[in-house]
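Colleague: Sequence unavailable; structure follows:
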């Protein structure tokens, strides 16, 4: 909240929109949206507050966010719904100009025949996700901690959890670590060969190899950030999956370190 206040105060022109993720898609860090809305109301009273909740529905109750934010966007494919479906919460009084013109569908906000089947599937997936959410969060949060702490046990101080319970609030379905002296892109090839799907979470651009702007904003050293690794957990993840990851990842990391990191 303090950093947001400083940014808003430093703006050299009126701020019209503030948009902040509920959950960061790289690190899993959860933002305190109600607190950030309050800051926005005080430091940019004319601004609408939008929150990207794409990562959030499977992990937290969005009711408190809906009470505070002006706009909330979610998407179906993040919780088992069809790709291409989504929903936008719009607070009463917020006026939006249509980006697709033509008919008056979606109350004049988006022209075109609605995908009724997609909307129904989206709703069914959302209902099932919310019904199972508390149990999934408890189970997957424990598995995520087992994964991250298990990597620390096997690889020692070269593994730095970006976030973990006891620090910043973090989504149960995202395990993010930074591996010293390892290029994550090289590690991904070895893990893929072993049947383990992961991502570098480094957003490297071709040729430039720039590390993630998220990690840079967190103060992570540029070279260290090249070793970032993101692993996702979902409702199908089992203890056996975690044990397999703990079996495959450490030898792959040690192999790369023995050859200069990648």
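Modeller: Structure's in. What do you need? Given the structure is predicted, the values throughout are model-derived calculations rather than measurements.

Colleague: separation between residue 199 and residue 212?
Modeller: Using Cβ to Cβ, to the nearest Å, we find residue 199 at a distance of 11 Å from residue 212. Using the backbone N, CA and C atoms, a C-beta is placed for each residue, glycine as well.

Colleague: Any idea how many residues pack against the closest residue to residue 111 other than its chain neighbours?
Modeller: The shortest distance from residue 111 to any non-neighbouring residue, by Cβ to Cβ, 6 or more residues apart in numbering, is to residue 102 (3.3 Å). By the criterion of other Cβ atoms under 10 Å, residue 102 has 10 neighbours.

Colleague: before we move on, what about residue 243?
Modeller: Residues near residue 243, counting by other Cβ under 10 Å: 13.

Colleague: and the gap between it and residue 150?
Modeller: The value you get for residue 243 to residue 150, if Cβ to Cβ is used, is 8 Å.

Colleague: Three-state assignment for the residue nearest to residue 111, please.
Modeller: Using DSSP: H, G, I helix; E, B strand; the rest coil, the structure places residue 102 in coil.

Colleague: Likewise for residue 257?
Modeller: With three-state DSSP as the criterion, residue 257 reads helix.

Colleague: And it, what's its pLDDT?
Modeller: As predicted, residue 257 sits at a pLDDT of 89.

Colleague: quick one: it and residue 181 touch, right?
Modeller: Yes: Residue 257 is within contact range of residue 181, at 5.5 Å (criterion: Cβ atoms under 8 Å).

Colleague: Name the residues contacting each of these two.
Modeller: residue 158 (Cβ atoms under 8 Å, 6 or more residues apart in numbering).

Colleague: which stretches of this protein form strands?
Modeller: 17-21, 48-52, 71-75, 86-90, 159-161, 174-179, 228-232 (DSSP state E).

Colleague: Okay, now the sheet partners of the shortest one, with direction.
Modeller: This means strand 159-161. Using DSSP bridges, the strands paired with strand 159-161 are strand 174-179 (antiparallel).

Colleague: what's the angle between the partner strand and strand 228-232?
Modeller: Here strand 174-179 points in a direction 160 degrees away from that of strand 228-232 (axes from the mean of the first three to the mean of the last three Cα atoms, to 10 degrees).
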